[in-house]
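Asks: build me a structure from this.
(one chain, ligands or ions: 1)
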Amino acid sequence: MTPYEKIFENNRRWAEEQLRTDPEYFAKLSVEQRPDFLYIGCSDSRVPANQIMGLPPGDVFVHRNIANLVNNVDLNVMSVISYGVQTLDVKHIIVCGHYGCGGVKAAMQPRDLGILNPWLRNIRDVYRLHKAELDAIKDEAQRYDRLVEINVTEQCINIIKTAAVQKSFLIRGFPTVHAWVFDMRNGLIKDLKLDFRATLRNIQQVYDLTGSSWD
Ligand code: CO
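Replies: From the prediction side, this is the model:
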């Protein structure tokens with residue numbers, strides 16, 4: 001059996017296993033999705049959203065791209081956020097980066113990466129915003145680790161800039177946005193403890209899209 005064929009074998013076994021535990025499993029799963037979490041993470045094959053969160057199908061709405069970026073002209077991620085907030089009513093939006101991110105590393109190399117240039121340029125912009133802090137870190141590995149963290153925080157800020165999130169939070173009190181970094185060296189998620197309310201208040205001095213100040 002080839003690795004490709006093995007997938008279908010795995011899939012049949014998985015489906016059978018679910019039915020053994022709960023004969024109604026797929027009947028229930030196929031009705032609708034009501035996930036509380038929207039997860040935006042890196043495409044890296046070593047960071048599977050549901051598995052690291054220990055959550056089954058139906059519990060996480062997922063978007064992944066190279067280096068977990070939230071770019072305001074990316075129709076894809078903006079649609080996911082809009083649908084997640086306005087239709088699925090997610091309570092939490094998580095941006096999860098990971099140490100050792102190839103995208104973050106590639107972004108900082110002095111090389112022409114073709115179509116990846118404009119995508120990864122977002123990370124250079126993050127570096128420029130935080131140049132003083134990052135340049136002060138002499139150890140290169142530590143500097144990349146910190147850039148991974150700062151990149152996640154900046155992408156959270158990009159989410160908080162959206163009208164969908166600002167309006168929903170003003171009216172309904174959710175979603176809140178969280179900054180995480182996954183460490184594949186020990187399998188643990190680090191919560192960077194983003195202060196959502198303070199960040200929102202700060203952002204709205206320039207990016208308010210609700211037309212009503214709040215405190
Ligand atoms: Co990555």
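
Asks: and Leu120, that's in a helix?
Replies: Yes - membership of Leu120 in a helix is supported by DSSP: H, G, I helix; E, B strand; the rest coil.

Asks: next, count neighbours for it.
Replies: 21 (other Cβ atoms under 10 Å). Heads up, the C-betas are built off the backbone N, CA and C, glycines and all.

Asks: from what I can see it touches Asn65, true?
Replies: No - at 11.2 Å, Leu120 does not count as touching Asn65 under the criterion of Cβ atoms under 8 Å.

Asks: who's in contact with the residue nearest to the spatial centre of the chain?
Replies: For the chain, Ile40 is the residue whose C-alpha lies nearest the centre (Cα atoms, centre = their mean; 2.0 Å). Contact partners of Ile40, counting by Cβ atoms under 8 Å, 6 or more residues apart in numbering, are 62-64, 68, 70, 77, 80, 93-96, 155, 159.

Asks: look up how far the ion lies from it.
Replies: 12 Å (Cβ to the ion, to the nearest Å).

Asks: name the SS class of that residue, please.
Replies: Once three-state DSSP is applied, Ile40 turns out strand.

Asks: on that earlier part again, helices - which of the contacts of Ile40 land there?
Replies: Val77, Val80, Gln155, Ile159 (DSSP state H).

Asks: now for those residues: which two are most distant?
Replies: Distances among the ones in helices among the contacts of Ile40 were taken as Cβ to Cβ; the most separated pair is Val80 and Gln155, at 12.8 Å.

Asks: more neighbours, those two?
Replies: Neighbour count, other Cβ under 10 Å: between Val80 and Gln155, Gln155 has more, with 25 against 22.

Asks: mind listing what that one touches?
Replies: Ile40, Asn68, Leu69, Val70, Val95, Gly97.

Asks: looks like Gly84 contacts Leu38 (just checking).
Replies: Yes - between Gly84 and Leu38 there is a contact under Cβ under 8 Å: 4.0 Å.

Asks: got any residues that touch both of the two?
Replies: Phe61, Val90, Ile93, Pro175.

Asks: roughly how far does the third one sit from Phe169?
Replies: In this structure, Ile93 and Phe169 are 10 Å apart, going by Cβ to Cβ, to the nearest Å.

Asks: neighbour count for these two, which is higher?
Replies: Ile93 (27 against 20).

Asks: tell me the bridge partners for that one.
Replies: Counting by DSSP bridges, Ile93 is bridged to Leu38, Val177.

Asks: pLDDT score assigned to it?
Replies: Predicted confidence (pLDDT) at Ile93: the value is 98.

Asks: also Gln204?
Replies: 89.

Asks: would you mind measuring from it to Ile157?
Replies: 12 Å.

Asks: which bits of the protein sit near the ion?
Replies: By Cβ under 5 Å from the ion, the residues of the chain that approach the ion are Cys42, Asp44, Cys101, Gly103.

Asks: repeat the analysis, applying 6 Å as the threshold.
Replies: Cys42, Asp44, Ala67, His98, Cys101, Gly102, Gly103 (Cβ under 6 Å from the ion).
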